[in-house]
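Novice: Mind looking at a prediction? Sequence and model below.
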Amino acid sequence: MTAEIIHRLHFAFTITFHYLFPQLTMGLGLLIVVLKTVALRTGSDTWDRAARFWGRIFAINFVFGVVTGIPMEFEFGTNWARFSRVSGGVIGQPLAMEGVFSFFLESAFLGLFLYGEKRISKLMHWFSAVMVWLGSWISGFFIIVTDAWMQHPVSYTRMPDGHFEVISFWQLLMNPWGLLQYMHNMTGAVVTGSFVMAAVGAFYLLEGHRQDYGRIFLKVGVIAGVISSILIIFPTGDLAGKYVAKYQPAAIAAMEGLFKTETGAGIVLMGQPNEETGQIDNPIVVNDVLSFLIYGTTKAEVKGLDQFPQDQWPTALPLLFYAYHIMAGLGTWFVLLMVVAALLLWRGRLFTARWALWALLLSFPLPYIANTAGWMTAELGRQPWLIYGLMRTSEGFSSTVSASNGLFTLIGFMGLYALLGLLFTVLIYREISTGPELNKPAANTVAAD
Amino acid sequence: MMGFLWFWLVAVMIVGYVVLDGFDLGVGVLHLFLVRTESDRRATLASIGPVWDGNEVWLLAGGGTLYFAFPLLYASAFSGFYLPLMIVLWLLILRGVSLELRNHIDVGVWRALLDGVFGFASALLTIFYGAALANVIRGVPINADGYFFLPLWTNWQPGVLPGILDWYTVIGGLVALVALTMHGALWLSLKVSGDLEQRARNVVSPLWFILIALTIVSLFATIAVRPASLDNYYHYPVTFFVPVGVIASLAAVQLWNRKRQPLKAFLASCLYLFFMLAGACWGLYPVLLPASTGAANDITLTRAISGPHTLAVGLAWWLVGMALAVGYVVFVYSRFKGKADAHAGGPHASGH
């Protein structure tokens, strides 16, 4: 393997693992505010305990997110030194702002929320929950701004020595690419949060334990789930897709597997891209739909990969195609499942419909897969560019860090993260088994208790 | 002017990190030796539980600030210190996770294992940080392009082709280990009560004697390894107050600890860390990373700094953001003022 591939894998692996945690905390942060708000308005002890329970799940995810997040900032310098050297004046800003504006806020108020309940008023405790949520969403914003500049560089000037300086700070922050991606991504986080909350609710009802909590979790999870599952497709996904089509036409052609330019392009629901023959093997196609989705008319021309020189095609083309189709396919399932669950909830039948509870329980991993596949779509679509149109990925990695040193630390991270994944699972299992009523542990808690 | 300012702003972030995360690292090292009973253990945990990850934020915010203010330094140093930085990352991960797990899995062998990992990772981190600073002072073999790659060790001599570890950087690591352990002991004597408080106070004195010896050795070793460190001091003799401050604040630690004034003793220890770091930065200025391969390859302020517009805009949000951040920090510490509540230990305890 070349050094370039290893440095790419290094970043891709560590950020994929990392993002399993923030996507839950960003979604859950909002749902905890909902639980706390109901608790504060009604004075209900049950809702308060529910909020505290999810606060503990949040805290575990937060810690895992923090410790796996520190490597991300470091890797810009350790593994991507040549990129950092030229881009620091631009994207160093939002990265530093994330630390300054978000992490201090989030960690301070999370400490208060978890440890300080007896030392602050009820209203202050609610306020802490709001600030934790806000902190996590501000953090997401600055990261998306950073990525958006790499996807769609705006407001920069290139100095004689090759490094970039920002022209307008506001244009950097308000990069339209970033705003669209932010909406899409945060909605995705709420999808994860809702599915996890609904799944734990379904688990409690199916087990026949803690039914009052199970019903609260299902109610909040399904209502938030149906709203976010619809928003993730329309308008946020739709807008983001159109923007990609406009500014990264080669990426959208690869995502859709469109090798040849077509008028009235059809959409490939499934198939296997074949780079050698330049076609999709065994495709299932619906005519005209792609043209309609991108341009709003069935007759529009959509550029295929044949319009671009091959050295500008996204590398790892089949992976990009599959990632995109997995994301889109799962997104469709989310809407179906959540609309049905919401209808059942509305008719008062959800809590007894075991098949629906099973479907909700088993679906909780899917948003994680969809969010991961979505990010793979965005980042593989950007290839072969590190900064779209300006700097190739092959020009950005640390030239002094050899392939074997990179491989050594990559394997180190893989081992450590395997351990982390195991520990995380144990911790979450224990929290869910213990449940919201701490002093009444359930019969099935593990022996270590 | 902008360069001078940002040099010191980054230094402020580093000092903030060392002073704050320093005490919870120190508590991590110490708890293995000081904790005797279950309530000792809970009190120790409660003394850092609400604040440790906030303290670690200073590292991230400092790293980010370094990245945008001095991109060349960030790129060169992070890729050059690749191996030790990856080890630091792994230690930070192990430490954070073992601390969180201690809140949840609190039995038998598990507890001993997690306590051990937490203490071990904390101790190694302090040594790595000290050695890292010593590496920056000693210099690294930067090539004409501005890059380098350091092995973990070579012949243990500071020279043209040194490793991360040599006799000088090992001294730096030991200074950090002892200084932060003492810092942690002072924090504990401030935050816990009873026997544990007494034990924490008692451990300060022996550490103090070791530290003053190491501090003096490190000052002279620094002059020997990098004689240019003194240039700024001779140029502006008034700045000799920094080394004087190092000794004075260290003396104050011992004095106030003996008089059972833990807050004053802890603040004196903060000042000691501040003077040590400020003294090192001033010895370097305007070099950010000296080259062992010759001064022509030094990464200097003027070479590494971002453009004026970037820095002007950065200054505006940095001041606002850090004012807010300091506000949160003060607020949180004031909420958790006084002795840590041994019975309201982890997040589990709330709501009973």
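Specialist: On my side now, so go ahead. Residues are numbered from 1 along each chain as shown, chains lettered A, B, ... in the order given.
Novice: what's the single longest helix in chain A?
Specialist: helix A:45-78 (DSSP state H).
Novice: Now do the buried residues in it.
Specialist: A:46-78 (16 or more other C-beta atoms under 10 Å in any protein chain shown). All C-beta spots, glycine's among them, are computed from the backbone N, C-alpha and C.
Novice: For A:M72, list the residues it contacts.
Specialist: A:T14, A:I15, A:H18 (C-beta atoms under 8 Å, 6 or more residues apart in numbering or on different chains).
Novice: who wins for neighbours among the residues you listed?
Specialist: Using other C-beta atoms under 10 Å in any protein chain shown as the neighbour criterion, A:T14 leads those with 23 neighbours.
Novice: sorry, back to before: helix or strand next in line after the longest helix of chain A, which one?
Specialist: Using DSSP states H and E, the helix or strand that follows helix A:45-78 in sequence is helix A:81-97.
Novice: Taking helix A:45-78 as reference, get the angle to the next helix-or-strand element following that next one.
Specialist: Following helix A:81-97 in sequence order, the next helix or strand is helix A:104-115 (DSSP H and E). Interaxial angle, helix A:104-115 versus helix A:45-78 (axes from the mean of the first three to the mean of the last three C-alpha atoms, to 10 degrees): 140 degrees.
Novice: What are the contacting residues of helix A:104-115?
Specialist: A:55-56, A:58-59, A:62, A:66, A:120, A:124-125, A:128-129, A:131-132, A:134-136, A:138-139, B:46, B:49-51, B:53-54, B:56-57, B:61, B:321, B:324-325, B:328-329, B:331-332, B:335-336, B:344, B:346-347, B:350.
Novice: Ok, stretch B:76-85 next?
Specialist: A:74, A:76-79, A:81, A:84-85, A:398, A:400-401, A:405, A:409, B:128, B:131-132, B:135-136, B:140, B:142, B:146-152, B:164, B:289, B:299.
Novice: Please pick the buried ones from those residues.
Specialist: A:74, A:76-79, A:81, A:84-85, A:398, A:400-401, A:405, A:409, B:128, B:131-132, B:135-136, B:140, B:142, B:146-150, B:164, B:289, B:299.
Novice: just checking, which of those residues belong to helices?
Specialist: A:74, A:76-78, A:81, A:84-85, A:405, A:409, B:128, B:131-132, B:135-136.
Novice: ends of stretch B:223-243, how far apart?
Specialist: 12 Å (C-alpha to C-alpha, to the nearest Å).
Novice: Would you mark the buried spots in that stretch?
Specialist: B:V225, B:R226, B:S229, B:N232, B:Y233, B:T239, B:V242, B:P243.
Novice: If we ignore the residues flanking it in sequence, what's nearest the second one?
Specialist: Spelled out, it's B:R226. B:I137 (5.9 Å; C-beta to C-beta, 6 or more residues apart in numbering or on different chains).
Novice: pLDDT weak spots in the chain?
Specialist: I'll assume chain A. A:439-449 (pLDDT under 70).
Novice: meant chain B, my bad for not saying
Specialist: In chain B (pLDDT under 70), the answer is B:341-352.
Novice: Run through the helices of it in chain order.
Specialist: Using DSSP H, helices in chain B cover B:2-34, B:38-48, B:52-69, B:71-80, B:82-104, B:108-138, B:167-191, B:194-225, B:231-235, B:241-258, B:262-284, B:301-304, B:308-335.
Novice: is the third one anywhere near chain A?
Specialist: By that I understand helix B:52-69. Yes - legend: contact between helix B:52-69 and chain A by C-beta under 8 Å from any C-beta of the partner chain is shown at B:53-54, B:56-57, B:59-65, B:67-69.
Novice: From the contact counts, what lies against that helix?
Specialist: helix A:45-78, helix A:81-97, helix A:104-115, helix B:2-34, helix B:71-80, helix B:82-104, helix B:308-335 (3 or more C-beta pairs under 8 Å, 6 or more residues apart in numbering or on different chains; DSSP states H and E).
Novice: Do the second one and chain B come into contact?
Specialist: Yes - for helix A:81-97 and chain B, the contact criterion (C-beta under 8 Å from any C-beta) is met by A:81-82, A:84-93, A:95-97.
Novice: Most widely separated two among the residues you listed?
Specialist: Among the residues of helix A:81-97 next to chain B, the pair separated by the greatest distance (C-beta to C-beta) is A:R82 and A:M97, at 23.3 Å.
Novice: Compare those two and say which is more crowded by neighbours.
Specialist: A:M97 (25 against 20).
Novice: residue contacts, the more buried one?
Specialist: By C-beta under 8 Å, 6+ apart, the neighbours of A:M97 are A:F142, B:G64, B:W317, B:G321.
Novice: I figured the second one hits A:E98, correct?
Specialist: Yes - at 6.7 Å, B:G64 and A:E98 qualify as touching, with contact defined as C-beta atoms under 8 Å.
Novice: Chain neighbours aside, what residue packs nearest to B:P71?
Specialist: A:G88 (2.4 Å).
Novice: for the one you found, what are its contacts?
Specialist: Residues in contact with A:G88 (C-beta under 8 Å, 6+ apart) are A:H163, B:Y67, B:F68, B:F70, B:P71, B:L72, B:Y74, B:A75, B:S306.
Novice: now those residues as JSON lines including neighbour count?
Specialist: Output for the contacts of A:G88, formatted as JSON lines (neighbours: other C-beta atoms under 10 Å in any protein chain shown):
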{"residue": "A:H163", "neighbour count": "19"}
{"residue": "B:Y67", "neighbour count": "27"}
{"residue": "B:F68", "neighbour count": "28"}
{"residue": "B:F70", "neighbour count": "27"}
{"residue": "B:P71", "neighbour count": "29"}
{"residue": "B:L72", "neighbour count": "24"}
{"residue": "B:Y74", "neighbour count": "27"}
{"residue": "B:A75", "neighbour count": "28"}
{"residue": "B:S306", "neighbour count": "26"}
